[in-house]
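Asks: below is the sequence, then the predicted model.
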Number of protein chains: 2
Amino acid sequence: MRWTQAFIPTLKEDPADAEISSHKLMVRAGLVRKLTSGVYTHLPLGLRAIQKVERIVREEMDRTGALETLLPILHPCELWKESGRWDVYGKELMRPVDRHGRECALGPTHEEVITDLVRREVRSYRELPVTFYQIQTKFRDEVRPRFGVVRSREFIMKDAYSFHEDEKSLRETYKVMHGAYTRIFERCGLKFAPVHADSGAIGGDVTHEFMVLAGAGESEVVSCGCGYSATLERGETAPEKPSGKGVELKPLEKVHTPGLKTVEEVAKFLKTEPSSLIKTLLYEAEGETVAALIPGDRELNEAKLRRVLKVDLMTMCEAEAIEKATGGPLGFSGPVGLEKMRLVADPRIKNVKNFVVGANEADYHHVNANLERDFKVNQFADLVVAEERDPCVKCGKPVSISRGIEVGQIFELGSKYSEKMGAMFLGQDGKERPFVMGCYGIGITRTVAAVIEQNHDSNGIIWPLSVAPYQMEVLPVNVNDETIRTTAERLYEELTGMGFEVLLDDRDQRPGFKFKDADLVGLPLRVVVGEKAMAEGKVEIHVRRTGETMRASTDEAPGRIKTLIEEGKVS
Amino acid sequence: MRWTQAFIPTLKEDPADAEISSHKLMVRAGLVRKLTSGVYTHLPLGLRAIQKVERIVREEMDRTGALETLLPILHPCELWKESGRWDVYGKELMRPVDRHGRECALGPTHEEVITDLVRREVRSYRELPVTFYQIQTKFRDEVRPRFGVVRSREFIMKDAYSFHEDEKSLRETYKVMHGAYTRIFERCGLKFAPVHADSGAIGGDVTHEFMVLAGAGESEVVSCGCGYSATLERGETAPEKPSGKGVELKPLEKVHTPGLKTVEEVAKFLKTEPSSLIKTLLYEAEGETVAALIPGDRELNEAKLRRVLKVDLMTMCEAEAIEKATGGPLGFSGPVGLEKMRLVADPRIKNVKNFVVGANEADYHHVNANLERDFKVNQFADLVVAEERDPCVKCGKPVSISRGIEVGQIFELGSKYSEKMGAMFLGQDGKERPFVMGCYGIGITRTVAAVIEQNHDSNGIIWPLSVAPYQMEVLPVNVNDETIRTTAERLYEELTGMGFEVLLDDRDQRPGFKFKDADLVGLPLRVVVGEKAMAEGKVEIHVRRTGETMRASTDEAPGRIKTLIEEGKVS
């Protein structure tokens, strides 16, 4: 492809709205353009990289025996009501209404649609296991789209769904998919880690996210030298050893704390530490009001609470609901006197005696509240957001928190969808039972961004060979010099003829300008046809990743390039 | 691919809602399943055919120098308001509202989005011409989805857009695209004709539809032995020679026609022919009320009227608007006394004297109305729907009307969009001017249906080799017979190893059942491994299209198949 015909609108300046390197570089190198918030056009160069990733994904999916299909984007709301997700999914689900007034969903994920297909078409255990996949545009109306295609409202995803007669078969396929995902991301040139994760609105209990390690990633990972790793939503850490042993329990007392609502304000006023307070947080969980108790210096992890309560839908109570449930206003809730409510507490509150808690009354707190004596807890469970240096839940050593980009996630769904949607098959024993399901997603466009996030320098992208839009660029420094131009053209033809994907920078521009663009676009190899080397009948071969430069005669150059690639010198 | 792992849910019975062969066969052969009205899931076998068509389209588009991109499905309404189509497109445009209350469109076509991209990125004539294309899911909320994927609400389309400095350059690219389309449909094994067409909501004047001739098609084509062909919307025919010459003009008279509204009723009551009446049809055309006059025995062609009036938006007047404009009720409109209104007439009304027309008064008609004497017409233009045996507009011989499926359409748009959206470039003379544009669409899913509509018999599909999901099927008649099974497996491995796409029917089913499915799925070649031929060490090679059957030894069979294909004996 000739640059003059390729439509690669490179930019010198970073776009104003770009925060992370991959976003900046994807715009500057002419891979994408924003149409509107969270919605991007993929330009020719960017689309080529996407198609490379898609090819790798297809090859690895086909290798597992998964069958490629294409499910509709437009879903009837009835299926989402059957699964119960019509109410759970919230505003992220785009819901157009058709000309007949029927509500639809734009598919953010396809569990309902594939379960509907399978319940109609698959009757017997003999037809199981079966796995379907598709590569398709998905929609999620993100509250805050950002980071370019990393968190966008319209994106390309590979999603796969497996159907099994039992958990054992599901676990086998889950393992196969885990392996396929590992190969896919390795082939894309990514450094990544599979981490335990939360299943969110998808459901199921066992799930891994494939996390590309990147300082600018928006996901946080809890990990430990012992091998433990999990997303922040999922990540557990051990409570510190109890330190309040032997402390004398003082009598419960109600104190006036006028206008003080935050933990910091109350602690300061009462001359104590935030860790001596208990936060009492009220949630509406599928019809029940529940209180979660955590130490005053920690944050509640809502995903953990949702798992403990075993609910999909859970929202923090607003002032009115709090008043109705506790008798007191927002900001003054506390466990004392809430006998009728279900209280779930983080075990870390066991460590402290003589707590400060809200008194369920405006401008009042209790001091010297104590577990068991003044209030009882129905259930203890890890509820807080893990923090750097918390003890590892596995080995007790301090964990670290790092950042990453989630490029894939795999789920053991079990029979959540099949039960709700009545998707049954005849088992070997002649009895009907619900399908056991797994699902497996990869963000295709996000993977391209992750590749760039991990493979760039201050000058531009450093494409891995496997996903580069073109494998190499031929760069004549001056197209008005007849020898240079014809040599470059000949090399371009020869390399293209050898089956390589080659970009020829045939623009009539100054060498400096062309070199800058070459670094920015970042193809793995560059063949420079310049005056100096040409005087000796040679061209320069430049490896983008290593910066290595070597000279070869124009005749030998193509063979030299072939060898470099075959011997893995260009990765 | 083994049938037992391929998910090909064939059906014996036609689906109840299918009217045409391609729809019936696509469901029965396990290519598609309906999710909801006009929305289909593409199953593995169907998707393979789609991908074959996509590959052909990509190759031919790339060959023209068009650049593949991927534009968003979700469009901000602002762009559609700029082009004016937000109001024109009507209910076919799906308009989801996002979480922030912003109106969006689900792209049915992408003129606005690509024009917005080009106006931002292209500055100079030096960068022209440039053509972009994409293969993408599109949405049109059809009032009556039918014929399976032929008229669906969600479908895959290839759309391309070209940008030029002048009309000359546009015409060159239009011709190149015309050629590419011809090659694409030829390669898909289709018999088709490019016909003059109406541009509808897209705009522009010169446009061709590529029509696959099929008795069950929903489009109608006017054609003549002389080479003239056009869609029914576009198709002109010549008026008959005037026959009313020398007829005496009688005096205009108002007659009582109580309760008679239809042409037939009035003609019968007045003892004359429908052709002696003039129908006066009132339209609201972008703010102006216009009357169209046509002979009583013809139908108005709204597309023609819209072109004559040069408007995008035109609706038939309702009773109230008619009363306001003419003073009379619906059903009694006539041209006499409508001096203030613009009257457009079909030239066929010149043929008759002493017309019957509505009197713009309840229950009254005028008889003996005559052109020029009793009313004047502002403009004459062909306004009627062409009918079989009308004289050809080119040669005068009778035309014929046939049916087809529109698989592609190409348009010379001119500067309709670029002017409305302020998309300008600097010309060679240093002056700013609007881009001249063309656009070019192919219905990918519809093309697959058209292939089947033209290539089937009573037993099933007859795939052309170029788009067949697999090129051949190996059919062991009895998988429990060791010799048969191992021979079939060996042939399957060998043919696959030769680079062919092979389906092995490894199901433990009766031979009759497997043969029926093989005919239904309709792969070009079938290799039958049966008892009789095997006794002589032979297998049977069957060509689906011709029904030809030949025997070859198991060793020779693969070579024989290769030769058949290479020599074009299988098409």
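Replies: Cool, got the structure. All of these numbers come straight from a predicted model, not from anything done at the bench.

Asks: kindly export the biggest strand by length in chain A (C-alpha atoms) in PDB.
Replies: Determined from DSSP state E, the single longest strand within chain A is strand A:400-414. Coordinates of each C-alpha in strand A:400-414 appear next as PDB, following Å, rounded to 0.1, in the frame of the first residue of the first chain:
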ATOM      1  CA  SER A 400       0.400  -5.000  46.400                       C
ATOM      2  CA  ILE A 401      -2.100  -3.200  44.300                       C
ATOM      3  CA  SER A 402      -1.300  -2.700  40.600                       C
ATOM      4  CA  ARG A 403      -3.200  -1.500  37.600                       C
ATOM      5  CA  GLY A 404      -4.200  -3.200  34.400                       C
ATOM      6  CA  ILE A 405      -6.500  -3.200  31.400                       C
ATOM      7  CA  GLU A 406      -9.000  -6.100  31.400                       C
ATOM      8  CA  VAL A 407      -8.900  -7.600  27.900                       C
ATOM      9  CA  GLY A 408     -10.900 -10.700  28.500                       C
ATOM     10  CA  GLN A 409     -13.100 -12.500  31.000                       C
ATOM     11  CA  ILE A 410     -14.300 -16.100  31.300                       C
ATOM     12  CA  PHE A 411     -17.200 -17.300  33.500                       C
ATOM     13  CA  GLU A 412     -18.500 -20.500  34.800                       C
ATOM     14  CA  LEU A 413     -22.100 -19.400  34.700                       C
ATOM     15  CA  GLY A 414     -23.700 -22.700  35.900                       C
END
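
Asks: buried ones in it?
Replies: A:401-402, A:404-414 (16 or more other C-beta atoms under 10 Å in any protein chain shown). Backbone N, C-alpha and C define where each C-beta goes, glycine included.

Asks: any idea which element whatever residue of the stretch 401-550 of chain A ends up closest to chain B lies in?
Replies: Going by C-beta to the nearest C-beta, chain B is nearest to A:Thr445 of the stretch 401-550 of chain A, at 9.4 Å. Here A:Thr445 sits within helix A:444-454, counting by DSSP states H and E.

Asks: on contacts alone, who are the packing partners of that helix?
Replies: helix A:21-28, helix A:44-63, strand A:154-164, strand A:206-213, strand A:400-414 (3 or more C-beta pairs under 8 Å, 6 or more residues apart in numbering or on different chains; DSSP states H and E).

Asks: make CSV out of these and add mean pLDDT.
Replies: Output for the helices and strands packed on helix A:444-454, formatted as CSV (pLDDT from 0 to 100):
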stretch, mean pLDDT
helix A:21-28, 97
helix A:44-63, 98
strand A:154-164, 98
strand A:206-213, 93
strand A:400-414, 95
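
Asks: nearest to A:Lys254, out of the ones you listed?
Replies: strand A:400-414 (38.6 Å; C-beta to C-beta).

Asks: quick one, what contacts the residue nearest the centre of chain A?
Replies: Centroid check for chain A by C-alpha atoms, centre = their mean gives A:Glu406 as the closest residue, at 2.7 Å. Residues near A:Glu406 by C-beta atoms under 8 Å, 6 or more residues apart in numbering or on different chains: A:209-212, A:217, A:219, A:231, A:443, A:446.

Asks: equivalent analysis for A:Arg348, please.
Replies: A:239-240, A:294-295, A:298, A:384.

Asks: got the contact list for stretch A:228-239?
Replies: By C-beta under 8 Å, 6+ apart, stretch A:228-239 touches A:193, A:195-198, A:200, A:209, A:211, A:219-223, A:301, A:303-304, A:346-348, A:350-351, A:382, A:385-387, A:390-396, A:399, A:401, A:406.

Asks: endpoints of it, how far apart?
Replies: 16 Å (C-alpha to C-alpha, to the nearest Å).

Asks: for that stretch, what is the average pLDDT?
Replies: Across stretch A:228-239, the average pLDDT comes to 90.

Asks: do stretch A:485-499 as well
Replies: 97.

Asks: from the chain's centre, how far out does that stretch sit?
Replies: 41 Å (C-alpha atoms, centre = their mean, to the nearest Å).

Asks: just the buried residues of that stretch, please?
Replies: Buried-residue list, stretch A:485-499, by 16+ other C-beta under 10 Å: A:485, A:487-489, A:491-492, A:494-495.

Asks: wait, does that stretch contact chain B?
Replies: No: using C-beta under 8 Å from any C-beta of the partner chain, stretch A:485-499 never reaches chain B; the gap is at least 13.2 Å.

Asks: just to revisit the earlier point, just checking: what are the partner strands of the longest strand of chain A?
Replies: Strand A:400-414 sits in its sheet next to strand A:206-213 (antiparallel), strand A:219-223 (antiparallel), strand A:436-443 (antiparallel), going by DSSP bridges.

Asks: what number of residues lie near the residue in the stretch 151-300 of chain A that chain B sits nearest to?
Replies: Closest to chain B within the stretch 151-300 of chain A is A:Glu154: 5.1 Å, counting by C-beta to the nearest C-beta. The number of residues packed near A:Glu154 is 22, by other C-beta atoms under 10 Å in any protein chain shown.

Asks: for it, list the residues it contacts.
Replies: A:38-40, A:137-139, B:72-74.

Asks: same check, this time on A:Arg183
Replies: A:Glu60.

Asks: just the element for it, please.
Replies: Going by DSSP H and E, A:Arg183 is part of helix A:167-187.

Asks: that helix - what's its average pLDDT?
Replies: On average, helix A:167-187 scores 97.

Asks: kindly report the same for stretch A:94-109.
Replies: 96.

Asks: quick check, nearest of the contacts of A:Glu154 to B:Val27?
Replies: Closest to B:Val27, out of all of the contacts of A:Glu154 and judged by C-beta to C-beta, is A:Thr137, at 25.0 Å.

Asks: quick one: the closest one is in a strand?
Replies: Yes: under DSSP: H, G, I helix; E, B strand; the rest coil, A:Thr137 sits within a strand.

Asks: any chance you could list what contacts stretch A:382-396?
Replies: In contact with stretch A:382-396 (C-beta under 8 Å, 6+ apart) are residues A:222, A:224-228, A:232, A:235-240, A:292, A:294-295, A:298-301, A:304-305, A:308, A:344-348, A:397-401.

Asks: switch the cut-off to 6 Å
Replies: Applying C-beta atoms under 6 Å, 6 or more residues apart in numbering or on different chains, the external contacts of stretch A:382-396 come out as A:222, A:224, A:226, A:228, A:235-238, A:292, A:294, A:298-301, A:304-305, A:346, A:398-399, A:401.
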